[in-house]
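S.K.: okay, here's the prediction I keep looking at, along with the sequence it came from:
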Amino acid sequence: MPGLKTNALYYGDNLQILRDYVPDESIDLIYLDPPFNSNRSYNVLFSETSSAASHAQIEAFEDTWHWGKVAQDTFEDIALHGGDDTARLLKAMVDALGHNDVTAYLTMMAVRLVELRRVLKPTGTLWLHCDPTAGHYLKVLMDSVFDPRRFVDQVVWKRSSAHSDVTQGARHFGRISDLLLVYSKGPDYLWNTLYTPHSQTYMDAFYKHVEPGTGRRYQLDNLTAAKPGGDTRYEWKGVLPYKGRYWAYSRQNMEEFDRQGRLVYPKRGGVPRYKRYLDEMQGVPLQNIWDDIPPIHSRSPERLGYPTQKPLALLERVIRIGSNEGDFVLDPFCGCGTAVHAAQKLGRQWIGIDITHLAIGLVRRRMEDAFAGLNIEVVGEPVDLSGAQELAAHDPYQFQWWALDKISALPVGDRRKGMDRGIDGIIPFLESRTDRKRVIVSVKGGGISSKDVRDLKGVLEREGEPIGVLVTLRAPSREMRLEAVATGAYESASWGRKYPRIQILTVADVLNGKKVEMPPPDSPFARAERERDQEGEQGALTV
């Protein structure tokens with residue numbers, strides 16, 4: 001097994017990455033938010049499908065797993081590597097529910113949960129983020145993988161405000177919550193209790209006194225106890241505790257309280273009371289319903305355009321509870337990278353895994369934007385021409401996304417044939433404050449000819465854009481280069497320069513650092529805010 005690199009992104013199927021790179025009992029905390037299309041009709045999820053149906057690869061913005069050959073092979077693999085309890089449970093689920101998207105999803109999750117348990121330290125916890133569509137099945141599945149005794153808690157996170165589904169004919173309650181299922185590897189797991197502030201109602205009822213001069217809120221607390229704790233039946237300034245009661249503190253402590261001004265004496269004499277300040281209290285221990293972390297709204301500065309993006313505060317809370325500084329955090333479905341962002345911010349070591357270059361590129365940019373001077377290594381992406389050729393042969397779409405990421409182009413279009421209309425990516429730029437233009441990018445991983453240059457020229461004319469870039473795996477012919485030169489140049493009045501109207505960049509060029517010739521780009525990607533400190537989450541939350 002190769003050495004494990006931390007603070008790195010791993011490209012590929014997380015099952016294979018876990019088996020190839022992550023040693024046994026090496027991770028302190030695992031957070032996963034696996035893709036699942038809960039927006040589809042619940043009944044459709046349970047429709048029977050043929051075992052010969054093609055398997056759809058998970059994509060960064062498409063939450064579907066289907067029953068097909070891959071699911072069937074994985075189902076059989078669990079019988080060999082998943083443990084008797086997990087294999088029996090999964091077989092029972094498939095027998096009962098049939099071959100459909102839900103059982104394919106559970107099959108894919110089962111084999112990964114087995115690996116995730118393997119890499120988790122005995123003191124570690126795993127946090128599985130899901131919604132109610134399949135949460136009950138995942139709970140039973142995790143019982144079989146981890147043992148029911150290792151269930152720690154189920155957190156309900158209020159992820160949105162009230163829905164108006166009723167006005168659209170819905171006959172159910174508004175669905176506004178997600179679940180986080182928490183399991184431990186062993187009985188002695190790490191757990192940092194967090195505290196939330198007291199409510200205003202509680203403070204008004206129990207801390208209604210305000211100290212003149214300081215403005216500190218306080219309550220008056222009892223100084224007596226029902227049982228003696230040593231020499232606690234003494235007289236204090238002429239006062240004894242009530243009959244059958246004792247002082248709760250020693251004479252030495254009472255003298256210190258008196259010196260600090262913490263004793264409040266009744267006007268008519270009697271037993272004094274202890275002044276307990278609100279600002280000395282830790283707050284309310286965090287409960288398992290979290291309604292104080294709002295979702296990412298459309299105008300949030302956090303928003304990166306990823307459809308299932310979770311708030312940074314949510315992941316900071318999870319990581320603060322289940323790990324300490326320097327610990328190892330793993331997100332095997334890192335998506336847009338919120339978990340690894342939170343881990344970096346809180347001083348943890350981290351590993352992020354994703355199966356698409358689209359997500360990997362997004363996370364890399366996010367981390368480098370947020371943390372000054374941070375350079376992210378991506379393990380598993382092509383670093384030379386032979387690696388790029390292998391990726392293009394294995395998965396043309398992943399090659400396309402990788403190539404676009406290398407020139408900072410935003411992917412557009414759809415995997416379905418003909419949907420991209422000759423545009424694989426774009427790089428916007430500002431010709432002037434009011435004139436936004438685009439570089440059109442076309443990626444070719446196979447054979448190329450002069451026709452590709454003419455096609456790109458036609459796209460530029462149709463779209464009314466000034467510059468086109470053809471990214472090719474193979475070297476272009478002399479005729480292609482002449483055809484490109486013949487299309488002329490775009491002259492930018494604002495920038496006082498001419499740029500080739502059609503440019504051909506080979507993958508070798510890109511790997512060697514060659515750039516698109518264009519005016520300064522207006523990045524098409526949402527930028528993560530620069531982190532200025534390491535304090536993390538809501539300041540009111542305490543450990």
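M.R.: It's in.

S.K.: any idea how far stretch 513-530 is from the chain center?
M.R.: Here the centre of stretch 513-530 is set off from its chain's centre by 24 Å, with CA atoms, centre = their mean, to the nearest Å.

S.K.: try stretch 86-94
M.R.: Relative to the centre of its chain, stretch 86-94 is centred 29 Å away, using CA atoms, centre = their mean.

S.K.: and it, what's buried?
M.R.: For stretch 86-94, the neighbour count (16 or more other CB atoms under 10 Å) marks 86, 87, 89, 90, 93, 94 as buried. In short, each C-beta sits where N, CA and C put it, glycine included.

S.K.: do I have it right that the last one meets residue 102?
M.R.: No - counting by CB atoms under 8 Å, residue 94 does not reach residue 102; the two are 9.7 Å apart.

S.K.: now the strands for the stretch 101-250 of the chain?
M.R.: Secondary structure of the stretch 101-250 of the chain (DSSP state E, counting those that start in this stretch): strands at 120-130, 151-158, 177-184, 195-196, 209-210, 217-221, 224-225, 246-247.

S.K.: show the model's pLDDT score for residue 305.
M.R.: The predicted structure scores residue 305 at 74 on the pLDDT scale.

S.K.: report all helices and strands that the helix or strand where residue 87 lies contacts.
M.R.: Residue 87 is part of helix 84-97 when elements are defined by DSSP states H and E. For helix 84-97, the packing partners by 3 or more CB pairs under 8 Å, 6 or more residues apart in numbering; DSSP states H and E come out as helix 69-81, helix 101-119, helix 135-146.

S.K.: just these: most buried one?
M.R.: helix 101-119 (a mean of 23; mean count of other CB atoms under 10 Å).

S.K.: what packs against that one?
M.R.: Counting by 3+ CB pairs under 8 Å, 6+ apart, the packing neighbours recorded for helix 101-119 are helix 14-21, strand 27-32, helix 42-45, helix 69-81, helix 84-97, helix 135-146.

S.K.: so which of these is nearest residue 441?
M.R.: Ranking those by their distance to residue 441 (criterion: CB to CB) puts helix 14-21 first, at 29.0 Å.

S.K.: which residues does the closest one contact?
M.R.: 1-2, 4-5, 10, 111-112, 115-116, 118-119, 332-333, 353-355, 379-380 (CB atoms under 8 Å, 6 or more residues apart in numbering).

S.K.: one more: stretch 155-174?
M.R.: Applying CB under 8 Å, 6+ apart, the external contacts of stretch 155-174 come out as 175-180, 182, 288-291, 293, 295, 314.

S.K.: out of the strands of the stretch 101-250 of the chain, which gets nearest to residue 362?
M.R.: When these are compared by CB to CB, strand 120-130 sits nearest residue 362, at 18.3 Å.

S.K.: now do that closest one, average pLDDT.
M.R.: Per-residue pLDDT values over strand 120-130 give a mean of 97.

S.K.: and it, what's buried?
M.R.: By neighbour count with 16+ other CB under 10 Å, strand 120-130 contains the buried residues 120, 121, 123, 124, 125, 126, 127, 128, 129, 130.

S.K.: now swap in stretch 191-200 and tell me
M.R.: Of the residues in stretch 191-200, 194, 196, 197, 198 count as buried by neighbour count, 16+ other CB under 10 Å.

S.K.: again with stretch 473-481
M.R.: Those buried within stretch 473-481 under the rule 16+ other CB under 10 Å are 473, 476, 480.

S.K.: show the contacting residues for the first one.
M.R.: Okay, so that is residue 473. Neighbour list for residue 473: 388, 389, 392, 399, 444, 445, 446, 506, 507 [criterion: CB under 8 Å, 6+ apart].

S.K.: separation between the first one and residue 513?
M.R.: Spelled out, it's residue 388. With distances defined as CB to CB, to the nearest Å, the gap from residue 388 to residue 513 amounts to 15 Å.

S.K.: higher neighbour count, these two?
M.R.: Taking residue 388 and residue 513 together and counting by other CB atoms under 10 Å, residue 388 has the greater number of neighbours (23 against 6).

S.K.: surely that one meets residue 511?
M.R.: Yes - when contacts are counted by CB under 8 Å, residue 388 is listed as touching residue 511 (7.5 Å).

S.K.: and this structure, what are its domains?
M.R.: The chain breaks down into these structural domains: 8-194+287-379, 198-280, 385-511 (assignment by automatic domain parsing).

S.K.: where in this protein is pLDDT low?
M.R.: 1-2, 37-65, 82, 162-167, 413-420, 533-543 (pLDDT under 70).

S.K.: which residues sit in contact with the residue nearest to the spatial centre of the chain?
M.R.: Most central in the chain under CA atoms, centre = their mean is residue 338, positioned 3.6 Å from the mean C-alpha point. Under the criterion of CB under 8 Å, 6+ apart, the contact partners of residue 338 comprise 309, 310, 311, 312, 314, 315.

S.K.: looking at those residues, which is nearest residue 438?
M.R.: Using CB to CB, residue 309 is the member of those that sits closest to residue 438, with 25.0 Å.

S.K.: quick one, what contacts residue 364?
M.R.: 9, 376, 378.

S.K.: residue 30 versus the last one, what's the distance?
M.R.: Right, the one you point to is residue 378. Using CB to CB, we find residue 378 at a distance of 20 Å from residue 30.

S.K.: the two: which has the busier surroundings?
M.R.: In this comparison of residue 378 against residue 30, neighbours counted by other CB under 10 Å, the higher total goes to residue 30 at 26 against 20.

S.K.: okay, and the beta partners of the residue nearest to that one when sequence neighbours are not counted?
M.R.: Taking CB to CB, 6 or more residues apart in numbering, and ignoring the residues beside it in sequence, residue 30 has residue 126 as its nearest neighbour in space, at 4.4 Å. Taking DSSP bridges, one obtains residue 30, residue 183 as the residues bridged to residue 126.

S.K.: wait, residue 126 touches residue 27, no?
M.R.: No - if you go by CB under 8 Å, residue 126 and residue 27 don't touch, sitting 9.0 Å apart.

S.K.: which residues are in contact with both of these two?
M.R.: Looking at what touches both residue 126 and residue 27 (by CB under 8 Å, 6+ apart), the common residues are residue 120.

S.K.: next, the residue with the largest distance to the centre of the chain: phi, psi?
M.R.: In the chain, the greatest distance from the average C-alpha position (CA atoms, centre = their mean) is reached by residue 238, at 63.1 Å. The phi and psi values for residue 238, taken as degrees, to the nearest 10, are phi 80, psi 0.
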